[in-house]
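> predicted model and sequence follow; I will ask about them next.
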Amino acid sequence: MKRAGRRYAECFLRPCLTLLDPRLTDPQVSFIDRARVALLLLGQAEADHDTQLVYYLMQEIRFASSSKKEGNIENFLDLALELGLVTKMVQYISHPDQCIQNETVWIYANVAAVSSGGCKALLDHGILPQIIHCLETSNDEDVKDNCIWMIANFAAESPDYTRLVLKGGFPRAFIDMIRQTSLHTNTVQHCCWVISNVFRGKELDKIVSQTDRRVMVDFLIQNFSIKEEETRCELLYSIARMLKNDDQLRNYAVSRLNFDTLASLLDPSCESVCMGAARLVGNISTGTNEEAQLMVDHGILEKLVPLLAVKGNDKLRQEALWVISNLAAGPSAHKQRIIDSGIVDATKELLKNCKDKKSRKEVAFVIGNLSSDGTDEQCKKLFADGAIDMLMMMIDDNFDVTTQTVLEGIEQLIKRNKEAAQDLEKKGYLERIVALQLHPSKGVFNTVVRLLRGNFEEEDEFEALINVARAPAEPGAVGRISGQ
């Protein structure tokens, strides 16, 4: 109601502002110059106890702090420091008029958003305790939202600032705020951003209890229904980051997540949300086989495979392959579901056009994990689908972990299937594997030796090659075979 009254009164007050100083309402005067005038008039308005005039002068200052024209946001920080704005406005953080309080916090939030200089100026002037107190005591959601936004900017700027926020009593005030039954979409987005930036790091265990973290997880899950794209994306990334490396919290979240809803978000028509959902699914996939089974049961695997065909988004493909490779490391039933999904054809098609090394590495892990501890029938099926051809497409990638994973996958396949070993020789793949004995990576060398000794009859020939590879290189030798 106060805000409606203020807007109604504006048509009466604007002429008064013109009488006070014509520059305040002159569109030809820059925002910065109008803010300078407003600052000079603010002290007199406060002395006269003219609350309404204080409000409109604060509004002029906020316009300058919000404007992105003329480099205003950087100029405003210079002005704020020059005129002592940060110090002069502290009294308004706890002003009884919520509209003035909100304008004050909004201006400070804009200053914090400018740069590290803005954050440092506010923290040096002791603003943080006052903002946290404001968050605890204010009944106005707009005020709370601007407090949240400012603190998120602090945390995004520096780990040292994050520690100040965590140790300054913010977690308790924040938890109390998100326990509210409903918040505006904009406030939810800022809360998600705070969770991403503030509630992470090694010191979290000492400051934020598992109970409070569960409150945050519940808050995020309750807002899954938000349709606004940017907020939903921030929400997904927030919960994904919270679950990373926290088994207890992941177990708790899995028991409350709606996996059908989560599966529906793996839709490439909205890539930003799809990326967030894939990251969340990926962090869940690092957990137990039971948690992975929930994803399989709700059709998440079938949603991931089509993402491999999305063009122009390497990161999305990497996320999808990472989840599939984690599922492939699970029990035989999970491996079978992946094989039945047509994963070999999908990854083979991807490799034809994909030069992204991280994606190719993840493909190697998918096939390697499927063949490792898979049944004889599964390994035969992988071979029949062309898995060895696909693995050989990556064997020359200049990425040690990929080469070793490829070799381990081939080793598993030929152990279970003599035909696979014969196929290596027929297609000339064996010569390329033998050449890898001169690879600079000791892990690659050991894997090649193990593969050759354990699966082929020409041991004398291979032993001679192995001995050559072990011999010290002559001066000027490169140490690896190339161009073959």
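Cool, got the structure. No experiment lies behind these values; they were computed from the predicted model shown. Residues are numbered from 1 along each chain as shown.
> dihedrals phi and psi, Gly374?
Torsion angles at Gly374 (phi, psi; degrees, to the nearest 10) stand at phi -80, psi 160.
> the residue nearest to it when sequence neighbours are not counted - how many residues pack around it?
Distances taken as CB to CB, 6 or more residues apart in numbering put Lys335 closest to Gly374, at 5.2 Å, once the chain neighbours are dropped. For the C-beta atoms, the positions are set from N, CA and C on the backbone; glycine is no exception. As a burial measure, Lys335 scores 25 neighbours (other CB atoms under 10 Å).
> ditto for the one 3 residues further on
By the criterion of other CB under 10 Å, Ile338 has 24 neighbours.
> which residues does it contact?
301, 324, 327-328, 366, 370 (CB atoms under 8 Å, 6 or more residues apart in numbering).
> could you redo the last one with a cut-off of 7 Å?
301, 324, 327-328, 370 (CB atoms under 7 Å, 6 or more residues apart in numbering).
> next: Val254.
Val254 touches 284, 291, 294, counting by CB under 7 Å, 6+ apart.
> how about Lys227, secondary structure?
When classified by DSSP: H, G, I helix; E, B strand; the rest coil, Lys227 comes out as coil.
> now name the helix or strand holding the residue nearest in space to the middle of the chain.
Centroid-nearest residue in the chain: Tyr237, 4.9 Å away (criterion: CA atoms, centre = their mean). Using DSSP states H and E, Tyr237 maps to helix 229-243.
> before we move on, back to that, mind checking how far the nearest residue to the residue nearest to the centre of the chain once chain neighbours are set aside is from Thr231?
Using CB to CB, 6+ apart and skipping residues adjacent in sequence, the residue nearest Tyr237 is Gly276, 4.9 Å away. According to CB to CB, to the nearest Å, Gly276 stands 11 Å off from Thr231.
> check Asp385 too.
Distance from Asp385 to Thr231, by CB to CB: 41 Å.
> same check, this time on Leu79
32 Å.
> run the chain-centre distance for stretch 20-40.
Distance, stretch centre to chain centre, for stretch 20-40: 42 Å (CA atoms, centre = their mean, to the nearest Å).
> so Asp385 and Thr231 - more neighbours on which side?
Neighbour count, other CB under 10 Å: between Asp385 and Thr231, Thr231 has more, with 21 against 17.
> where exactly do the helices run in the stretch 51-200 of the chain?
51-66, 72-82, 85-88, 98-114, 116-124, 127-137, 141-157, 159-167, 170-178, 185-198 (DSSP state H, counting those that start in this stretch).
> specify the stretch among these that is closest to Leu20.
helix 51-66 (8.1 Å; CB to CB).
> output the contacting helices and strands for that closest one.
helix 2-20, helix 31-47, helix 72-82, helix 98-114 (3 or more CB pairs under 7 Å, 6 or more residues apart in numbering; DSSP states H and E).
> neighbours of Thr405, just the number please.
By other CB under 10 Å, the residues close to Thr405 number 25.
> ok, it - contacts?
364-365, 368.
> what helix or strand is it on?
Using DSSP H and E, Thr405 falls in helix 400-416.
> report the distance from the helix or strand just after that helix to the chain centre.
Sequence-wise, the next helix or strand downstream of helix 400-416 (DSSP H and E) is helix 418-426. Distance of helix 418-426 from its chain centroid, counting by CA atoms, centre = their mean, is 43 Å.
> next secondary structure after helix 418-426?
Next element after helix 418-426 (DSSP H and E): helix 429-435.
> CA atoms of that next one as PDB?
What follows is helix 429-435, C-alpha atoms only, in PDB (Å, rounded to 0.1, in the frame of the first residue of the first chain):
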ATOM      1  CA  TYR A 429      44.500 -52.500 -35.600                       C
ATOM      2  CA  LEU A 430      47.000 -54.700 -33.900                       C
ATOM      3  CA  GLU A 431      50.000 -53.000 -35.500                       C
ATOM      4  CA  ARG A 432      48.700 -49.600 -34.200                       C
ATOM      5  CA  ILE A 433      48.400 -51.100 -30.700                       C
ATOM      6  CA  VAL A 434      51.900 -52.600 -30.900                       C
ATOM      7  CA  ALA A 435      53.200 -49.200 -31.800                       C
END
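> next, the buried residues of that helix.
429-430, 433-435 (16 or more other CB atoms under 10 Å).
> repeat for stretch 54-69
In stretch 54-69, counting by 16+ other CB under 10 Å, buried: 54-67.
> likewise for stretch 332-351?
334-339, 341, 343-344, 346-348, 350-351.
> stretch 269-281 too?
271, 273-281.
> now distance to Val90, secondary structure and pLDDT too, for these, in a markdown table please.
Supplementary listing: these in a markdown table, determined by distance: CB to CB, whole Å; DSSP: H, G, I helix; E, B strand; the rest coil; pLDDT from 0 to 100:
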| residue | distance to Val90 | secondary structure | pLDDT |
| --- | --- | --- | --- |
| Glu271 | 44 | helix | 92 |
| Val273 | 40 | helix | 94 |
| Cys274 | 44 | helix | 95 |
| Met275 | 41 | helix | 95 |
| Gly276 | 38 | helix | 94 |
| Ala277 | 43 | helix | 95 |
| Ala278 | 45 | helix | 95 |
| Arg279 | 40 | helix | 95 |
| Leu280 | 40 | helix | 95 |
| Val281 | 46 | helix | 95 |
